Structures are given as C-alpha cells and as structure tokens.
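>>> Build the 3D model from these lines:
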Amino acid sequence: MAREKLGSRLGFILLSAGCAIGIGNVWKFPYMVGQYGGGIFVLIYLFFLVIMGVPIMTMEFAMGRASRKSPAKMYHVLEPAGSKWHVHSYAAVIGNYLLMMFYTTVAGWMLRYFYSTAKGDFVGLDTAGVESYFNGMLADPWSMILFTSIVVIVGFLVCSIGLQKGLERITKWMMLALLAIMIVLAVNSSLMEGGSEGLEFYLKPSLAHLKAAGVGNVIVAAMNQAFFTLSLGMGAMAIFGSYLDKNRRLMGESINIALLDTFVALVSGLIIFPACSAYNVEVNAGPPLIFITLPNIFNNIPMGRLWGSLFFIFLSFAALSTVFAVFEGILACTCDMFGWSRKKSCWINCILVLVLSLPCVLGFNVLSGFAPFGEGSTVLDFEDFLVSNILLPVGSLVFLLFCTTKYGWGWNKFKKEANIGKGGAKVMDWMRGYLTYVLPVFIVVLFVMGLINFFK
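Numbering: from 1, shown residues only. Predicted structure coming up:
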C-alpha cells in the first residue's frame with residue numbers, strides 16, 4: 001500500500017505544530033511559569049528549546065522521512081544489520097498510548113469547561129464555588145467518562161476520514177482559529193487595569209525568583225517542559241516526517257514549528273498572568289490554575305461569559321490538535337505492525353484508548369484511594385511522570401545517539417537526509433561535536449537530576 005502524503009507544506013507545519021501545541025503550552029506552561037519563578041523560567045525554557053528541542057525534532061523528522069515508516073518500523077529500515085535499536089520502537093509505541101491515557105482526560109476537562117462557561121454555570125459563583133464545581137466534576141465518574149469519550153471518538157472519526165481530507169484539512173482550520181482567538185484574548189487581558197504586575201512577573205527574569213524556586217528545580221522543570229511541549233522522544237514527529245516530501249531542509253522546518261509552538265506558549269502567558277495580577281489571583285496555584293482561578297476572573301470582567309467561552313474553546317482546540325496528531329501516530333504504528341486498513345485501525349484503537357483512559361478518569365473518584373506518590377497524588381500524576389520524566393528524555397537520548405554514532409544510523413546519513421531540499425537552516429558539520437558528545441551528557445545529567453528532585 002502506497003504511503004499517504006500531506007497535501008501542502010502549510011499542512012505539514014500546522015499539523016506538526018498542532019502535535020507540539022497542546023495542553024503543554026496552554027495548561028502546563030502557565031502553571032510551570034507560576035511555580036518556577038516567572039520570567040527566569042521562560043528564559044531557561046527557551047534556551048533548552050533551542051539547544052535540545054530543535055536538533056532532536058530534526059532527527060525525528062529525518063528518521064521518518066528517510067524510512068517512510070512509523071516509529072514501529074522505522075528502525076528496522078535504518079538500523080545496521082544485527083543491531084537492537086528497534087527495541088526503542090516498543091517504548092515509543094507504548095509512550096504514545098500512555099500519553100493519550102491521561103491527555104484525553106484533560107482535553108475532556110477543557111470541553112466540559114467550554115460547555116459549562118457557555119451555558120453560564122459559573123455566573124455568580126465565588127472562588128469557593130468555582131473550586132467546588134471543579135472538584136465536583138472530578139468526583140463525577142460518568143461526566144468525566146462522557147467528555148473523555150467525546151474527545152476519543154471525535155479524534156478517531158477525524159483520522160478515519162483520511163490524512164489529507166480529514167486530519168490535515170480540519171487541523172489547518174482549527175489551528176488558524178486557535179491563533180486568532182489567542183491574539184484577541186491576549187490583547188484583552190494585557191489591557192486590564194492592574195495587569196502590569198503580572199506582565200512584569202512573566203516577562204522580566206528575576207534571580208530572586210530563581211533562588212526562591214531552587215536553581216536545580218527550575219532547570220530540570222524547564223528541560224522537561226521543552227521535551228513535553230514539542231512531543232519529542234516518542235516518534236510523534238517522525239510520523240509527519242514520513243509523510244513529507246523532499247522539497248525542504250528539515251532543520252528549517254523544525255525551527256518554524258518550534259517558533260510557532262513558542263508563540264502559542266508565550267501568548268498563553270500574556271492571557272493568564274495580567275488577568276491573575278488584575279484580580280489578585282495567586283499565579284503558583286499549580287495544575288488547577290486555569291480551572292479554578294480563571295473562571296473567577298471571567299466572572300468579574302465585562303462580557304466575561306463570552307471571554308471565558310472563547311478561552312476554553314481555544315484550550316479545547318489546542319488539546320484536540322495534539323490528540324488528533326498522536327492518534328495519527330498510533331494509527332500509523334498499528335497499520336505498519338499488523339497490516340490493518342486505516343478504518344479498521346481506527347475502530348480497534350478507539351475502543352482500546354477508551355478502555356486505557358479509564359484509570360486516569362476514575363483516579364479522581366472511584367480509584368481516588370490509589371495515591372502513587374503519597375497523599376494528594378493521582379493516576380494522572382503517575383502517568384504524567386512516566387511520560388514527562390522517563391519516556392520523553394530517554395527516547396530523545398536514543399534518537400540522538402542513533403543519529404550521531406557509527407553504531408546507529410550515523411551522522412553522515414542523518415545530515416544528508418536533513419539537508420535534502422531547498423531553503424531553511426542546514427545541519428552543519430560544526431554541530432557534530434556538540435550533538436555527539438555534549439548534548440547526550442547534558443540529557444543524562446538533567447534526567448538523573450529530574451528523578452532525584454521528583455522523589456525528594
């Protein structure tokens with residue numbers, strides 16, 4: 001069966017950016033900024049995005065385009081005979097499922113909040129009332145299952161239509177709408193009276209904030225966020241590389257996608273932090289930041305119900321863009337592994353992901369007694385730890401070693417594939433020493449530090 005191709009370069013950029021842009025940008029990034037020192041965290045995060053994110057994304061694209069296979073089979077095409085690099089294929093496939101086991105749940109929260117805000121459920125509620133609403137949502141297993149199921153079923157329906165007619169076409173419009181809504185919300189939020197303090201916290205790096213949050217904590221959190229936000233280490237980007245023609249150099253495309261991803265993350269902060277400052281909301285509230293604190297803000301501003309509805313549909317679009325992209329990766333893997341048609345793979349995976357998402361959904365209610373990391377922790381925390389702290393950094397290290405050492409695909413083959421085409425940045429020979437000897441050590445040290453800090 002001939003491999004499908006994307007219809008346009010814009011489709012490739014928006015689809016790849018859609019995979020990168022998601023709850024990592026609009027849910028996780030703002031609360032990480034709030035917890036880890038504001039502007040100084042943003043600066044360190046951007047540094048890691050450049051020195052780690054762009055090169056590894058380029059490697060994933062190159063492996064996908066050279067092999068024309070999904071992560072399940074690309075090592076089999078590229079690895080030297082007799083080597084065992086393909087063992088990572090299993091971890092990559094498992095990682096995509098594991099990510100969707102909790103990502104679909106949070107995407108369901110976004111949809112539920114859009115519905116509730118548009119319906120007016122938050123009108124008249126005070127801070128305690130909104131918090132009670134959020135906790136009530138988590139405690140209701142049937143409501144949680146309903147909205148998670150909507151996310152999963154819609155995702156596989158879009159993918160079942162086909163690569164160009166379904167996934168590429170719908171993601172294009174969704175991403176363009178997302179960017180437009182974000183700009184409107186950011187302008188509105190930045191003009192709020194009393195918002196300047198929040199902007200200063202967000203945009204002005206402070207060594208005092210760095211010291212207060214802990215230098216090691218901030219560095220490790222910024223590194224993990226760079227991997228998480230770009231969906232690196234599980235072959236999610238390799239999928240879109242496998243659908244790509246040979247017209248453009250890959251590092252240039254990686255830079256474009258990283259810029260778009262960064263734009264969305266930074267604008268998310270411009271929406272949230274001035275509003276928090278204007279209404280005296282604590283910015284270090286953690287994961288519940290957008291679900292508990294922001295509805296209070298929308299209750300206190302003119303046309304708050306409209307702004308709140310726009311905000312949560314924007315969050316829903318961001319989350320769904322990643323769901324669609326990762327579902328496409330899962331479908332490609334199962335089609336490659338078992339020879340299934342796209343339609344058959346959609347049906348089977350839809351049922352499988354619905355079942356696999358249940359532990360996370362029920363972890364807030366029926367299974368709330370299971371606290372893997374002590375009191376207050378949930379199944380979601382455990383699944384997020386496995387993905388963010390283990391699979392993404394380790395997977396990125398494997399891709400890095402595979403593309404730079406003679407025991408894998410090797411530097412020359414990687415560089416040749418990445419530089420095929422016109423326009424955009426090239427992979428240069430002076431990068432070889434850094435990518436072969438410095439960056440792997442960097443990742444290992446930060447990975448170990450991350451585990452130590454997490455369990456400490």
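>>> Dihedrals phi and psi, N247?
In this entry, N247 is assigned phi and psi values of phi -80, psi -20 (degrees, to the nearest 10).
>>> my guess is it contacts E253, does it?
No - counting by Cβ atoms under 8 Å, N247 sits too far from E253 to count as a contact (10.2 Å). Bear in mind the C-beta positions are built from the backbone N, C-alpha and C, glycine included.
>>> Those two: which has the busier surroundings?
Taking other Cβ atoms under 10 Å, N247 and E253 do not tie; E253 has more neighbours (25 against 10).
>>> what's the pLDDT at that one?
Residue-level confidence at E253 comes out at 90, pLDDT.
>>> What of the one 4 residues further on?
Predicted confidence (pLDDT) for I257: 87.
>>> Return the set of buried residues in the host helix or strand of it.
In this assignment (DSSP states H and E), I257 forms part of helix 250-278. Neighbour counts over helix 250-278 (16 or more other Cβ atoms under 10 Å) mark 250-258, 260-278 as buried.
>>> Tell me how far E79 lies from S242.
Look at E79 and S242: by Cβ to Cβ, to the nearest Å, they are 16 Å apart.
>>> between the two, who's got more neighbours?
Relative neighbour count places S242 above the other of E79 and S242, with 26 against 19, counting by other Cβ under 10 Å.
>>> Pull the number of nearby residues for the residue lying closest to G329 once chain neighbours are set aside.
Once flanking residues are discounted, G329 sits nearest to I239: 4.4 Å by Cβ to Cβ, 6 or more residues apart in numbering. The number of residues packed near I239 is 29, by other Cβ under 10 Å.
>>> give me every residue that touches I239.
In this structure, I239 makes contact with G64, S70, P71, A325, E328, G329, A332, judged by Cβ atoms under 8 Å, 6 or more residues apart in numbering.
>>> Just the buried ones among the residues you listed, please.
The neighbour-count test (16+ other Cβ under 10 Å) applied to those identifies G64, S70, P71, A325, E328, G329, A332 as buried.
>>> re earlier: what strand or helix carries the residue nearest to G329?
Per DSSP H and E, I239 falls inside helix 236-242.
>>> What mean pLDDT does that helix get?
For helix 236-242, the mean per-residue pLDDT is 87.
>>> burial count for the residue nearest to E168 when sequence neighbours are not counted?
With Cβ to Cβ, 6+ apart as the measure, G11 is the residue that lies nearest to E168, at 4.2 Å, once sequence neighbours are left out. Residues within reach of G11, counting by other Cβ under 10 Å, total 20.
>>> And G11, which helix or strand is it part of?
Using DSSP H and E, the secondary-structure element containing G11 is helix 9-20.
>>> Name the residues that touch the following helix or strand past that helix?
Note on helix 9-20: by DSSP H and E, the next helix or strand toward the C-terminus is helix 23. In this structure, residues lying in contact with helix 23 by Cβ under 8 Å, 6+ apart are Y103, V106, A107, M110, L315, A318, A319, T322.
>>> Give me the distance from helix 23 to the chain's centre.
Taking the mean C-alpha point of helix 23 and that of its whole chain, the gap between them comes to 6 Å (Cα atoms, centre = their mean, to the nearest Å).
>>> Mind pulling up the pLDDT for G124?
At G124 the predicted local distance difference test score is 84.
>>> Please apply the same query to D245.
Per-residue confidence at D245 stands at 86 (pLDDT).
>>> Would you mind giving the secondary structure of it?
Under the three-state scheme (DSSP: H, G, I helix; E, B strand; the rest coil), D245 adopts coil.
>>> So what does it look like in phi/psi?
phi -80, psi -180.
>>> chain center to stretch 32-52, what's the gap?
Relative to where its chain is centred, stretch 32-52 has its mean C-alpha point 15 Å off (Cα atoms, centre = their mean).
>>> Identify each buried residue in it, please.
By neighbour count with 16+ other Cβ under 10 Å, stretch 32-52 contains the buried residues 32-46, 48-49, 51-52.
>>> What of stretch 342-352?
Buried residues in stretch 342-352, counted by 16+ other Cβ under 10 Å: R342, S345, C346, N349, C350.
>>> Can you tell me the element the closest residue to the last one other than its chain neighbours falls in?
Yep, that's C350 we're talking about. In space, not counting the residues next to it along the chain, C350 is nearest to F156; the distance is 4.2 Å by Cβ to Cβ, 6+ apart. Assigning secondary structure by DSSP H and E places F156 in helix 141-161.
>>> Format the CA atom coordinates belonging to stretch 76-84 as CSV.
Output for stretch 76-84, consisting of C-alpha atoms alone and laid out as CSV, is shown next (Å, rounded to 0.1, in the frame of the first residue of the first chain):
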residue,chain,number,x,y,z
HIS,A,76,14.0,-1.8,11.0
VAL,A,77,14.7,0.2,7.8
LEU,A,78,17.5,2.4,9.1
GLU,A,79,19.5,0.4,11.7
PRO,A,80,22.6,-1.6,10.9
ALA,A,81,22.0,-5.3,10.4
GLY,A,82,22.1,-7.2,13.7
SER,A,83,21.7,-4.2,15.9
LYS,A,84,19.0,-3.8,18.5
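>>> Give me the distance from that stretch to the chain's centre.
Taking Cα atoms, centre = their mean, one finds stretch 76-84 lying 29 Å from the centre of the chain it belongs to.
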